[in-house]
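S.K.: Below are the sequence and a predicted model for it; my questions follow.
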Amino acid sequence: MIRFPRLDPQPETVWHELGTTPRQAFRAFGMRRSGNHAIADWLLRNTGGSGTVFFNNCVPGRSPLSSFGTIAVNGVRKPVKAAMADLRGTCAPAGAEPAFLVTYEDIPPRGKRARPISGDFEAAFDTEVIIYRSFLNWCASFLKKLQRNKSYSRTHRASIVLKSVDGYARMLSLVGEAEMLALVPICYDDWQVSPEYRAVRLAQLGLPMRDNSIGRVQAYGGGSSFQDKAVSASDLTTDRRYEQMAGDPDFRGILSIAARDDMLVRQLEQHFPQDAERLSAYAAGKETDHG
């Protein structure tokens, strides 16, 4: 179990707006389309007690209590405006000592920055999680999601993905240093298919195994980029996204550029060697539509 001490000598002081001190406070980081919400749901289902509060997609540099994109209490999403107006009342159903999960997208948990990621809450978390996914499946899912927005030009979509590729590489570099940085890494690809992998990560997090299933498809971010009608997460073919996009010209163009990113390739050689091999083929102009 990786657990680091709260640095604030009286951590309950930063939670006073809620009228409670959490029994557990987690903070999770991951790139968009990395399975963040599926893993967040699984974490909350296994926290042990009855009450949970989920502050999703918070704004870096601000208090998570005033910058969440969405909020869920005991697994039920609440209207954001109403929650902002009465946070204590919104969170009251979670009970006296709920578990809290705060998440951030597209920002690494370590690195130089002008302000702490969570403001005054920076030292109030027990455990930090970094979520990551194989590059080719992540890239395919991300592009497919952007293609749903018909107002985006092909150039605009490609620029968004390529900018995020740099963030992906930086996030993956932290996975290799996770133990030293007191981070718990969770690979979505392994998490999706292996109950044993999930059990090991729960033990590492010090959580009881109450529900080790992968649950239902989460509606956050519009649900699955490929299977918008899927209900059970077990129906998702998340390990085949690369194959499903292999013939897409935009996808192939993005991979041709990404294949020349030395930092990305080095990280993939360490964590996803098969992806590194396929990118090498793109760099050499030898990749086929079927990989």
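M.R.: That came through fine. Residues are numbered from 1 along each chain as shown.
S.K.: lowest-confidence helix or strand of the chain?
M.R.: Every helix and strand of the chain was ranked by mean pLDDT, DSSP states H and E. The lowest is helix 241-245, at a mean of 83.
S.K.: other SSEs contacting that helix?
M.R.: helix 135-147 (3 or more CB pairs under 8 Å, 6 or more residues apart in numbering; DSSP states H and E). C-beta: built from backbone N, CA, C; applies to glycine.
S.K.: Now tell me what touches the helix it packs on from outside.
M.R.: Among residues not part of helix 135-147, those counted as contacts by CB atoms under 8 Å, 6 or more residues apart in numbering are 31-34, 133, 152, 157, 160-161, 164-165, 168, 172, 189, 221-222, 225-226, 238-242, 244-245, 248, 250-251, 254-255, 258, 264, 268, 272, 275, 278-279.
S.K.: filter those residues to the buried ones?
M.R.: Buried subset of those (neighbour count, 16 or more other CB atoms under 10 Å): 31-34, 133, 157, 160-161, 164-165, 168, 172, 189, 221, 225-226, 238, 241-242, 244-245, 248, 250-251, 254-255, 258, 264, 268, 272, 275, 278-279.
S.K.: and those, which of them are in helices?
M.R.: 157, 160-161, 164-165, 168, 172, 189, 241-242, 244-245, 250-251, 254-255, 258, 264, 268, 275, 278-279 (DSSP state H).
S.K.: just to revisit the earlier point, how far off centre is the least confident helix or strand of the chain?
M.R.: Relative to its chain's centre, helix 241-245 lies at 20 Å (CA atoms, centre = their mean, to the nearest Å).
S.K.: got the CA coordinates for that helix in CSV?
M.R.: Provided in CSV are the C-alpha atoms of helix 241-245 (Å, rounded to 0.1, in the frame of the first residue of the first chain):
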residue,chain,number,x,y,z
ARG,A,241,-9.5,0.9,-30.7
TYR,A,242,-6.3,1.1,-32.6
GLU,A,243,-7.5,-1.6,-35.1
GLN,A,244,-10.8,0.2,-35.5
MET,A,245,-9.0,3.5,-36.5
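S.K.: from now on call the first residue 858
M.R.: I'll keep to 858 as the first residue from here, and by that count the last item is helix 1098-1102.
S.K.: and residue 1064, how far is that from residue 951?
M.R.: Per CB to CB, to the nearest Å, residue 1064 is found 17 Å from residue 951.
S.K.: ok, now residue 999?
M.R.: 32 Å.
S.K.: So these two - more neighbours on which side?
M.R.: residue 999 (25 against 22; other CB atoms under 10 Å).
S.K.: Give me the residue ranges of the stretch 958-1107 of the chain where confidence is low.
M.R.: Applying pLDDT under 70 to the stretch 958-1107 of the chain picks out residues 1074-1096.
S.K.: Give me the residues contacting stretch 1107-1115.
M.R.: Outside of stretch 1107-1115, the residues within contact range by CB under 8 Å, 6+ apart are 992-993, 996-997, 1000, 1004, 1011, 1014-1015, 1018-1019, 1022, 1102-1103, 1121, 1135-1136, 1139-1140, 1142, 1144.
S.K.: now swap in stretch 922-938 and tell me
M.R.: Under the contact criterion CB under 8 Å, 6+ apart, stretch 922-938 has outside partners 874-875, 898, 901-902, 907-916, 940-941, 944, 947-948, 950-951, 959, 978, 1077.
S.K.: Kindly check the end-to-end length of that stretch for me.
M.R.: By CA to CA, to the nearest Å, the extent of stretch 922-938 from end to end equals 12 Å.
S.K.: How about stretch 975-990?
M.R.: 24 Å.
S.K.: repeat for stretch 1031-1038
M.R.: With CA to CA as the measure, stretch 1031-1038 spans 8 Å from end to end.
S.K.: Strands along this structure, start to end?
M.R.: 881-887, 909-913, 927-930, 933-935, 956-962, 984-989, 1040-1044 (DSSP state E).
S.K.: among the ones you listed, which is nearest residue 1060?
M.R.: Nearest to residue 1060 among the strands of the chain is strand 1040-1044 (10.6 Å), distances taken as CB to CB.
S.K.: tilt between the closest one and strand 881-887?
M.R.: Strand 1040-1044 runs at 50 degrees relative to strand 881-887, counting by axes from the mean of the first three to the mean of the last three CA atoms, to 10 degrees.
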